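Novice: build me a structure from this.
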Amino acid sequence: MAQSPKKAEMIDELLNLARDTIAGELAGQVTAEQAERMAETMVEKFLETWGGISVYLPRPDALRRMRRNREIAQNFHGTDAGAIRLAREHGLTTISVYRICAQQRAQRREAIA
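Specialist: The predicted structure follows:
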């Protein structure tokens, strides 16, 4: 049975995004063929994991927030001055910095348990 055009387009787009990202991030370190194979492997793993089910994919800002929050938690050393500095660096309130750090600690505890 042939794939629907929309499915084929989605797979092609995923392959193109993965290949272009790999080639760009590893420029000079991988050949075009290696980037293509890596992209195919990544897309295949993605489809094996999520294929056939309806999945909500968050917008990229969710990933940026996750990275920011991880960075804040890693750079926070428990002082008010540190919280103020991190709040200014990230355009947040000090209360937000403390909340983010508490959430990150809770997530680490859950991962360990």
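Novice: for residue 56, helix, strand, or coil?
Specialist: Judged by DSSP: H, G, I helix; E, B strand; the rest coil, the three-state class of residue 56 is coil.
Novice: enumerate every residue touching it.
Specialist: Contacts for residue 56 (Cβ atoms under 8 Å, 6 or more residues apart in numbering) come out as none. Where C-beta positions appear, they are placed from N, C-alpha and C, glycine not excepted.
Novice: which elements pack onto the helix ranked longest in the chain?
Specialist: Taking DSSP state H as the criterion, the chain has its longest helix at helix 5-25. Applying 3 or more Cβ pairs under 8 Å, 6 or more residues apart in numbering; DSSP states H and E, one finds that helix 5-25 makes contact with helix 32-50.
Novice: now do the helix it packs on: which elements does it pack against?
Specialist: helix 5-25.
Novice: next one: the helix it packs on to chain centre, how far?
Specialist: Offset of helix 5-25 from its chain centre (Cα atoms, centre = their mean, to the nearest Å): 17 Å.
Novice: equivalent analysis for stretch 22-32, please.
Specialist: 20 Å.
Novice: can you give me the end-to-end span of it?
Specialist: Start-to-end span of stretch 22-32 (Cα to Cα, to the nearest Å) is 9 Å.
Novice: thinking again about what came up before, buried stuff in the longest helix of the chain?
Specialist: 11, 14, 15, 18, 19, 22, 23 (16 or more other Cβ atoms under 10 Å).
Novice: the nearest residue to residue 16 once chain neighbours are set aside: neighbour count?
Specialist: Closest residue to residue 16 apart from its sequence neighbours, by Cβ to Cβ, 6 or more residues apart in numbering: residue 39 at 8.0 Å. By the criterion of other Cβ atoms under 10 Å, residue 39 has 20 neighbours.
Novice: I'm done for today, thanks for sticking with me.
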